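Trainee: what follows is a predicted protein model with its sequence.
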Amino acid sequence: MRPCIPCADLIGWGRAGPGGRIGRIEQRDDSGRGARSPRRRGLHGRVPRRRHGRRAHDPLRQLRGPHQPGRRRGGAALPAGGRVRSVGGGHRGRPPLLAVRCPGNARRHLRPHGRRRRRRRGGRPRRRPAAGVTRAGRPRARGAALALTAALVAGACGSGGGASGDRSRSALSGSVTVFAAASLTEAFNQEKATLAARAPALSLTYSFAGSQTLAQQIIQGARADVFASADDKTMQRLVDAKLVEAPRAFARNQLEIAVAPGNPKHVGGLSDLVRPDLVVVLEDPSVPAGSYSQQALARAGARVRPRSLELDVKSALAKVTSGEADAAIVYASDVQAAGSKASGVTIPTAQNVVATYPIAVVRTGANHAGAAAFVQEVLSGSGQAALEAHGFLPAS
């Protein structure tokens, strides 16, 4: 409570007169103790005026006698020889604390009279509402809102996959740009035709290339909504750069030796690729297919000197289908996609390498909802049927 000006000025000693009451109060202006004269003038030389309707604060009114004019009746009596002094307070907005020193070293504190608590206009003090009740007297709606939310969730779960399918279909709209590994060309093109009939509002744009090339383009600022890689290592580069959401595996693939139709060179396995009469083409080690090929050759103990190192698996396969090369290590799905233009030689499981394909939504994409819906279709929708039809293995 903030003391008023008279309170600060009345800090001092008061002697009790005849009858045990205070007859005269000695006022002093002690600047060292924070006291201030009530006649101190303001900024423009005027005496500060008190606000209308506010009672002057007098900490000694309990001890004043009813005979003094202008004071409140009902003063407290003092024993003979008693005196009043200040024992603290009176600074930084706090009222002074007064004590009565009576004979026999008895001491009695007086309650400081500061500002009273402001009351509301209605005459009742403001009270804190009870738990669960608003100030207007209505019960809080938190529990009702939670119950309503739980009911909606339960209704949505009980409706089955129909509602989920409708939401997925509605999200498949707008323009979605997909950066995908070259080995996914045939499967993703089939998925595009399927989605065109189901979601005519969706406009898919594909960009097929080596996974490392596509990842570098995204890092350099290329606009893409979805990225599908042929290995986890390339996807991890974008995860570390915080450019994609959490990736998920959607397919697997195995290696196979692509040769001319009918296998005229009689290639039987990886160990035959070291023959000097064969023209072998491999992928660059920076490409996922090239890295897998090096692992498979290391397991077979074969050191191959390729004629060229291609930047994606489709380019290596094109060398075989065009007759420029006799053999190339590609994915099994690529040999199947070549059809009658190439034949495949199976690599034993002990020497083969299984490739895992992850997919993720690019954070810098323009259509996040459409990208997420497309990823969901690839993970569990019609995309799985398209992948299986083109020689891919399930993710698990």
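Mentor: Perfect, thanks for sending it. Predicted, not measured: the structure shown is a model, and the values here were computed from it. Numbers count the residues shown, from 1 in each chain.
Trainee: hey, let's count contacts and neighbours off CA atoms from now on
Mentor: Fine.
Trainee: show me how the chain divides into domains.
Mentor: As assigned by automatic domain parsing, the chain contains the domains 1-124, 172-389.
Trainee: for the ones you listed, which has the smallest mean pLDDT value?
Mentor: With a mean of 50, domain 1-124 has the lowest mean pLDDT of those.
Trainee: strands of the chain, start to end?
Mentor: With DSSP state E as the criterion, the chain has strands at 14-16, 22-25, 83-86, 98-102, 106-110, 174-181, 202-209, 226-228, 248-259, 280-283, 308-310, 327-331, 343-346, 354-361.
Trainee: nearest to residue 391, out of the ones you listed?
Mentor: Taking Cα to Cα, strand 248-259 is the member of the strands of the chain nearest to residue 391, at 7.8 Å.
Trainee: on that earlier part again, out of the strands of the chain, nearest to residue 395?
Mentor: Taking the strands of the chain one by one with Cα to Cα, strand 248-259 is closest: 4.3 Å.
Trainee: show the contacting residues for the residue nearest to residue 340 when sequence neighbours are not counted.
Mentor: The shortest distance from residue 340 to any non-neighbouring residue, by Cα to Cα, 6 or more residues apart in numbering, is to residue 261 (6.7 Å). Residue 261 makes contact with 340-343, according to Cα atoms under 8 Å, 6 or more residues apart in numbering.
Trainee: same question for residue 393.
Mentor: Counting by Cα under 8 Å, 6+ apart, residue 393 has contacts 251-253, 387.
Trainee: phi, psi for the residue nearest to residue 340 please.
Mentor: Per-residue torsions, residue 261: phi -60, psi 130 (degrees, to the nearest 10).
Trainee: now swap in the one 4 residues further on and tell me
Mentor: Per-residue torsions, residue 265: phi -90, psi 0 (degrees, to the nearest 10).
Trainee: quick check: it touching residue 325?
Mentor: No: at 11.1 Å, residue 265 does not count as touching residue 325 under the criterion of Cα atoms under 8 Å.
Trainee: CA atoms of stretch 264-283 as CSV?
Mentor: This file holds the C-alpha atoms of stretch 264-283, laid out as CSV (Å, rounded to 0.1, in the frame of the first residue of the first chain):
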residue,chain,number,x,y,z
PRO,A,264,24.7,-64.9,-77.9
LYS,A,265,27.9,-64.5,-75.9
HIS,A,266,26.9,-67.1,-73.4
VAL,A,267,27.3,-65.0,-70.3
GLY,A,268,26.7,-67.2,-67.2
GLY,A,269,27.5,-64.9,-64.3
LEU,A,270,29.5,-62.1,-62.9
SER,A,271,32.8,-64.0,-63.3
ASP,A,272,32.3,-64.1,-67.1
LEU,A,273,32.3,-60.3,-67.3
VAL,A,274,36.1,-60.4,-67.1
ARG,A,275,36.5,-62.1,-70.4
PRO,A,276,38.4,-60.0,-72.9
ASP,A,277,36.0,-60.7,-75.8
LEU,A,278,33.1,-59.0,-73.9
VAL,A,279,32.3,-55.3,-74.0
VAL,A,280,30.9,-54.5,-70.6
VAL,A,281,29.2,-51.2,-69.6
LEU,A,282,28.6,-50.2,-66.0
GLU,A,283,27.2,-47.3,-64.1
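Trainee: could you pull out the buried residues of that stretch?
Mentor: 267, 270, 273, 278-283 (16 or more other Cα atoms under 10 Å).
Trainee: over to stretch 243-250?
Mentor: 243-244, 247-250.
Trainee: what lies in contact with that stretch?
Mentor: Contacts for stretch 243-250 (Cα under 8 Å, 6+ apart): 219, 235, 238-239, 356-364, 378-379, 384, 394-395.
Trainee: now which of the contacts of residue 261 would you call buried?
Mentor: Buried among those by 16+ other Cα under 10 Å: 341-343.
Trainee: residue 309 reaches residue 284, doesn't it?
Mentor: Yes: at 4.8 Å, residue 309 counts as touching residue 284 under the criterion of Cα under 8 Å.
Trainee: before we move on, back to that, anything in contact with each of residue 265 and residue 325?
Mentor: residue 278.
Trainee: and stretch 310-330, how far apart are its ends?
Mentor: Separation of the first and last residues of stretch 310-330 by Cα to Cα, to the nearest Å is 11 Å.
Trainee: what does stretch 354-367 give?
Mentor: End to end - Cα to Cα - stretch 354-367 spans 32 Å.
Trainee: buried residues in it?
Mentor: 355-367.
Trainee: need those in JSON lines with distance to residue 177, can you?
Mentor: Formatted as JSON lines, the buried residues of stretch 354-367 follow (distance: Cα to Cα, whole Å):
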{"residue": "355", "distance to residue 177": "24"}
{"residue": "356", "distance to residue 177": "22"}
{"residue": "357", "distance to residue 177": "18"}
{"residue": "358", "distance to residue 177": "17"}
{"residue": "359", "distance to residue 177": "13"}
{"residue": "360", "distance to residue 177": "12"}
{"residue": "361", "distance to residue 177": "10"}
{"residue": "362", "distance to residue 177": "10"}
{"residue": "363", "distance to residue 177": "13"}
{"residue": "364", "distance to residue 177": "12"}
{"residue": "365", "distance to residue 177": "8"}
{"residue": "366", "distance to residue 177": "9"}
{"residue": "367", "distance to residue 177": "9"}
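Trainee: pick out the most distant pair among those.
Mentor: Longest distance between any two of the buried residues of stretch 354-367 is 29.7 Å, between 355 and 366; criterion Cα to Cα.
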